[in-house]
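Q: I need the structure of the sequence given here:
(one chain, ligands or ions: 1)
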Amino acid sequence: DESLFSAVESRLADYLEASAVSARNLQAEKDAIKTLIGDISHQTKTPIANIKIYLELLDNEEENTEKQREYLEKIEGQTEKLDFLLKSMVKMSRLETGIIEIHKKPCSIYETLGRAVAAIVPKAEKKKIGIYVECPENLMLCHDSKWTEEAIFNILDNAVKYTKEDCPPKSRNIQIGVAVQEFFTKISFKDSGKGIAMDRQAEIFRRFYREPEIHDQEGIGVGLYLARKIITMQDGYIDVQSEPGKGSCFRIFLPNNSKESYE
Ligand code: ADP
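A: The predicted model follows:
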């Protein structure tokens, strides 16, 4: 009857008003986080740049003792780390809060892969690690080329970093393969590095997780976290198969029939 109808109508109006308020609050919160991240990023740039300049000036002093040079080198290393840490944290929070959006469109996976490989080659050459790629040149896949390149670079960077120079040069290599499967395109990265124990294979994708034995290597433990985030934001997934001492195989799966997204 009519009174029941108007009661439902009024409840519905209350509900719609409440949900509009919470949507506005959410947007306000998102804007506040955006401003805060922007401020942190902007305000830390100048002091870090200044520290680097003063370090360079000190480095050029001729009367520096051996000890002073050693400490300067350490401060330089820590400053680089701080710089990288801040940039990574800003990037992570921007991805998490949706400030950075991922835009997928059909483009060549060969080219995305090519750019990431080109960026890692100098580092791989220094350690005499060969990189072999098997990928159809004309393969088009709906993905965000810039961000996927970053995810691939992080995996390749690790493959180089965690391959010891004491293994024979012939077996020091990274094999990259691309295979189109029924629903996903698989991009695999097989290395001849130190390998990862089974009980740590889920842990390594956590933010700031680093295995205890690798602390002599540079890094802050966000590379794989970011790689996974970038791939899952594209409706894909990432996994690893590995055995200590026998190398690792990281695999990225990106959906074949993905909807394009534009700003
Ligand atoms: P980072 O390299 O800065 O420590 P990541 O998030 O990239 O951080 O990796 C997390 C951890 O996973 C590393 O500290 C390392 O212990 C392990 N790991 C990653 N990639 C490899 C690999 N290819 N071979 C062996 N261990 C790896």
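Q: would you list every one of the strands in the chain?
A: 105-108, 130-134, 140-143, 173-180, 184-191, 237-242, 248-255 (DSSP state E).
Q: output these in a markdown table, with mean pLDDT, distance to the ligand and mean neighbour count appended to each entry.
A: Where C-beta positions appear, they are placed from N, C-alpha and C, glycine not excepted. As requested, the strands of the chain are arranged in a markdown table below (pLDDT from 0 to 100; distance: least, Cβ to the nearest ligand atom, whole Å; neighbours: other Cβ atoms under 10 Å):
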| stretch | mean pLDDT | distance to the ligand | mean neighbour count |
| --- | --- | --- | --- |
| strand 105-108 | 96 | 25 | 14 |
| strand 130-134 | 96 | 13 | 13 |
| strand 140-143 | 96 | 21 | 21 |
| strand 173-180 | 97 | 9 | 17 |
| strand 184-191 | 98 | 5 | 20 |
| strand 237-242 | 98 | 7 | 16 |
| strand 248-255 | 98 | 4 | 21 |
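Q: can you name every helix or strand that the longest helix seen in the chain contacts?
A: Scanning the chain for the longest helix, with DSSP state H as the assignment, gives helix 2-59. For helix 2-59, the contact count by 3 or more Cβ pairs under 8 Å, 6 or more residues apart in numbering; DSSP states H and E identifies helix 66-96 as packing neighbours.
Q: wait, Tyr225 sits on Lys91?
A: No: proximity of Tyr225 to Lys91 does not meet the contact threshold set by Cβ atoms under 8 Å, at 10.6 Å.
Q: excluding sequence neighbours, find me the nearest residue to Gly219.
A: Setting aside the residues directly before and after it, Gly219 is nearest to Arg210 in space (Cβ to Cβ, 6 or more residues apart in numbering), at 6.5 Å.
Q: residues contacting the one you found?
A: Contact criterion Cβ atoms under 8 Å, 6 or more residues apart in numbering gives 219-221 as the residues in contact with Arg210.
Q: near the ligand, which residues of this protein?
A: Within the chain, the positions lying close to the ligand (Cβ under 6 Å from any ligand atom) are 154, 158-159, 162, 191, 193-194, 196, 204, 209-211, 214, 219-225, 248.
Q: roughly how far is stretch 89-106 from the heart of the chain?
A: The chain centroid and the centroid of stretch 89-106 are separated by 11 Å, computed with Cα atoms, centre = their mean, to the nearest Å.
Q: what is the end-to-end distance of it?
A: Stretch 89-106 has an end-to-end distance of 29 Å (Cα to Cα, to the nearest Å).
Q: what's the burial count for the residue lying closest to Asp144 once chain neighbours are set aside?
A: Once its chain neighbours are removed from consideration, Asp144 has its nearest residue in Ile102; the separation is 4.6 Å (Cβ to Cβ, 6+ apart). Other residues near Ile102 number 19, with proximity taken as other Cβ atoms under 10 Å.
Q: for Ala28, same thing?
A: Other residues near Ala28 number 10, with proximity taken as other Cβ under 10 Å.
Q: and if you look at His42?
A: By the other Cβ under 10 Å criterion, the neighbourhood of His42 contains 10 residues.
Q: report pLDDT for it.
A: Residue-level confidence at His42 comes out at 92, pLDDT.
Q: with Glu263 instead?
A: Model confidence at Glu263, expressed as pLDDT, equals 41.
Q: over to Leu16?
A: Looking at Leu16, its pLDDT stands at 95.
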